[in-house]
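Colleague: Attaching a predicted model along with its sequence, questions to come.
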Amino acid sequence: MISEKQNNNSTILFVSVIFIALFRLLLTVTIPLLDKTESRYAEIARIMQETNQWVVLQIDYGIPFWAKPPLSTWLSAASFEVFGVNEFASRFPSFLLSVILIIIAGKMVKKEGYPFYLPGFILLTMPEFLIHTGVVSTDTSLEFCITIMMISFWKTMQSETKTYWNYVFFIALGFGFLAKGPLITVLTLPPLFIWCCLDFKRFKAVFSKFSILIGLIITAIIALPWYYFCEQQSPGFLDYFIVGEHYKRFLEPGWKGDLYGSGHSQPKGMIWLLMFAFLLPWIQVVLYKLWKNKATIFKNSWVSFLIVWAFWTPVFFTISSNILHTYLLPSAMPIMFLVVYFWKEFARKKLLIKVALFFPIVAFISYFGLIATGKIDGNLNSDKYLLENLKVTTENKEIPIYYWKSKNYSGQFYSNGKAQFVKTEMQLDSVQTLNKQLFFVIPTKKKSEIEQKYLDKMTLTQSNFKTSIFVTK
């Protein structure tokens, strides 16, 4: 009877993982790039692929983007080379990295007697991980590098002699510098140090099992060339990226030095509330099991390793005011491994599986509900459908597109970088004089900023919940 229940659960896990993964893949194809973060990184990758400038990232033609290293942009730009410039191509690298992590985790737990699809089910029913499985973002590549580093460290420490995992650790560290910069060290080395402090004999093992000098050389060979050439080609990058993005962003509430947006000021400690929301239901399950076994959890080296890995990230960001829920993504993998560790103790596995499926099912119903009602075009934070429905040429001449005050990144992407903007009514008057016909894009909340005499010269042609597009009469 027990064997039959296990087989039934394994079947449910298998079907759920395949179904959710295919659904997530469908979303990468059918959902337009959303403003502002996702479309911004897709546009940076599009410009990279178009201009063939693979060193200095550009947020617009000739305008450097110093906020992030290039790894995720390289992956999306390379994907554009293979699949063409579209939503799927920009998102596919993120989807692929997430699938690779699921496969690695599946193989690891299968050796311990757990179902291969269990890690995939846990991760794909976790909102934070599911969202990032197919989103244009730097966070997925960071998560990938952190996971490979932490697994490599564990594998090396468990080996009696030096192993190739020792070198994989430093390779992942090098790519981590290209994924998110020095943050890779902040999110990995402190929890490893804390774990070693739980048993000081581990420090001796670190020095005997890791080729530290050779490893650091490997890391430097991978990471340093890009930093050097980027500073050479775009002076000022290192100061902004190292000081601004890695110090002021997190320690100065409402940091004003952000060149590419604004700080996300939150009350200190908000990261923990976000953790409860975006890692549910598994974070709640883990906390319950850890509390129930609090007397013994640190006696198990694997459990203690996962605890410091999982909770170091929210601990670190507790003092930060500028936070996003995406900062929690590195905690998804260790939370998953903790659930797997306690899996055999759960008496009502089927109920837990049903609860975990709540978020994916809601996402599925919402998506097909919008499709069925025809409301998907006007209810997504993207200018794709507005621009797609425009007649952009007349008499074989391309009609220019102007935005009021600033361009949306989705507007840049879906106009292939041809969208422009005007900041003042004087500039608007000039472009109306110069062009026989033009499209004028106005955010709904900013329409009142424009004098009626200019609007009288235009006709509304497309609109959604946040944007209207006018064409000159």
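Modeller: Sure, I can see it.

Colleague: Any buried residues in stretch 360-374, and which?
Modeller: Buried positions in stretch 360-374, judged by neighbour count with 16 or more other CB atoms under 10 Å: 360, 363-364, 367, 370. C-betas here are computed from N, CA, C, even on glycine.

Colleague: which stretches of this protein aren't confidently modelled?
Modeller: For the chain, the stretches flagged by pLDDT under 70 are 1-8, 246-265, 392-397, 473.

Colleague: at 50 what do you get?
Modeller: For the chain, the stretches with pLDDT under 50 are 1-2.

Colleague: count of neighbours near residue 288?
Modeller: Look at residue 288: counted by other CB atoms under 10 Å, it has 11 neighbours.

Colleague: Which helix or strand contains it?
Modeller: helix 282-292 (DSSP states H and E).

Colleague: what's that helix packed up against?
Modeller: In terms of contacts (3 or more CB pairs under 8 Å, 6 or more residues apart in numbering; DSSP states H and E), helix 282-292 is packed against helix 270-278, helix 332-342.

Colleague: ok and the last one relative to helix 282-292, angle-wise?
Modeller: This means helix 332-342. 50 degrees (axes from the mean of the first three to the mean of the last three CA atoms, to 10 degrees).

Colleague: Centre of the chain to helix 332-342, how far?
Modeller: For helix 332-342, the gap between its own C-alpha mean and the chain's C-alpha mean amounts to 20 Å (CA atoms, centre = their mean, to the nearest Å).

Colleague: Only C-alpha atoms, please: export that helix in CSV.
Modeller: Extracted in CSV, the C-alpha atoms of helix 332-342 (Å, rounded to 0.1, in the frame of the first residue of the first chain):
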residue,chain,number,x,y,z
ALA,A,332,14.8,29.1,-3.5
MET,A,333,17.2,26.2,-4.1
PRO,A,334,18.2,25.6,-0.5
ILE,A,335,14.6,25.9,0.6
MET,A,336,13.8,23.2,-2.0
PHE,A,337,16.6,20.9,-0.7
LEU,A,338,15.3,21.3,2.9
VAL,A,339,11.8,20.3,1.8
VAL,A,340,13.3,17.2,0.1
TYR,A,341,15.2,16.4,3.2
PHE,A,342,12.0,16.3,5.3
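
Colleague: How about residues contacting that helix?
Modeller: For helix 332-342, the external contacting residues (CB atoms under 8 Å, 6 or more residues apart in numbering) are 101, 105, 109, 114, 118-119, 122-123, 126, 128-129, 143, 146-147, 150, 279, 282-283, 285-286, 289-290, 302-303, 306-307, 309-310.

Colleague: Buried residues of the next helix-or-strand element following that helix, list them for me.
Modeller: Counting by DSSP H and E, the next helix or strand C-terminal to helix 332-342 is helix 349-356. For helix 349-356, the neighbour count (16+ other CB under 10 Å) marks 349, 352-353, 356 as buried.

Colleague: Ok, stretch 201-213 next?
Modeller: Going by neighbour count (16+ other CB under 10 Å), the buried part of stretch 201-213 is 209-210.

Colleague: burial count for residue 169?
Modeller: Close neighbours of residue 169, defined as other CB under 10 Å, add up to 25.

Colleague: ok, now residue 227?
Modeller: Neighbours of residue 227 (other CB under 10 Å): 17.

Colleague: looking at this, it is in a helix?
Modeller: Yes - under DSSP: H, G, I helix; E, B strand; the rest coil, residue 227 sits within a helix.

Colleague: is it true that it touches residue 238?
Modeller: Yes - the criterion here is CB atoms under 8 Å, and residue 227 meets it with residue 238 at 7.0 Å.

Colleague: List the residues that contact residue 467.
Modeller: 383, 386, 408, 441-444.

Colleague: How about residue 65?
Modeller: Contacts of residue 65 by CB under 8 Å, 6+ apart are 44, 57-59, 260.

Colleague: any idea how far it is from residue 17?
Modeller: Using CB to CB, to the nearest Å, residue 65 is found at 36 Å from residue 17.

Colleague: so what's residue 422 closest to, chain neighbours aside?
Modeller: residue 428 (4.8 Å; CB to CB, 6 or more residues apart in numbering).

Colleague: Next: residue 403.
Modeller: Distances taken as CB to CB, 6+ apart put residue 421 closest to residue 403, at 4.2 Å, once the chain neighbours are dropped.

Colleague: Tell me which helix or strand the one you found sits in.
Modeller: strand 420-422.

Colleague: ok, residues contacting that strand?
Modeller: By CB under 8 Å, 6+ apart, the list of residues contacting strand 420-422 reads 400-407, 428, 431.

Colleague: C-terminal to it, what's the next element?
Modeller: helix 425-434.

Colleague: List the buried residues for that next one?
Modeller: 428, 431-432.

Colleague: still on that earlier bit, could you say which one of the helices and strands packed on helix 282-292 comes nearest to residue 323?
Modeller: Closest of the helices and strands packed on helix 282-292 to residue 323 is helix 270-278, at 5.4 Å (criterion: CB to CB).

Colleague: And the contacts of the closest one?
Modeller: Contacts for helix 270-278 (CB under 8 Å, 6+ apart): 126-128, 131, 283-284, 314, 317-318, 320, 323, 325, 327-328, 331.

Colleague: before we move on, the earlier item: just the buried ones from the contacts of residue 467, in ChimeraX syntax?
Modeller: Those of the contacts of residue 467 that count as buried under 16+ other CB under 10 Å are selected in ChimeraX with:
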select :383,386,408,441,442
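
Colleague: Out of the contacts of residue 467, which sit inside helices?
Modeller: residue 386 (DSSP state H).

Colleague: Helix or strand next in line after the strand or helix carrying residue 80, which one?
Modeller: In the assignment (DSSP H and E), residue 80 maps to helix 71-83. Remark: after helix 71-83, the chain's next helix or strand is helix 87-110, criterion DSSP H and E.

Colleague: Tell me the helices and strands packed up against the biggest helix by length in the chain.
Modeller: Among the segments of the chain that qualify as a helix by DSSP H, the longest is helix 2-30. Contacts defined by 3+ CB pairs under 8 Å, 6+ apart place helix 2-30 against helix 87-110, helix 118-124, helix 349-356, helix 358-373.

Colleague: if we go to 10 Å?
Modeller: Contact partners of helix 2-30 among helices and strands, from 3 or more CB pairs under 10 Å, 6 or more residues apart in numbering; DSSP states H and E: helix 87-110, helix 118-124, helix 127-132, helix 349-356, helix 358-373.

Colleague: list the helices and strands the shortest one packs on?
Modeller: Spelled out, it's helix 127-132. helix 2-30, helix 87-110, helix 118-124, helix 139-158, helix 270-278, helix 332-342, helix 358-373.

Colleague: Most tightly packed of the ones you listed?
Modeller: helix 118-124 (a mean of 26; mean count of other CB atoms under 10 Å).

Colleague: Now do it: distance to the chain's middle.
Modeller: With CA atoms, centre = their mean, you get 18 Å for helix 118-124.
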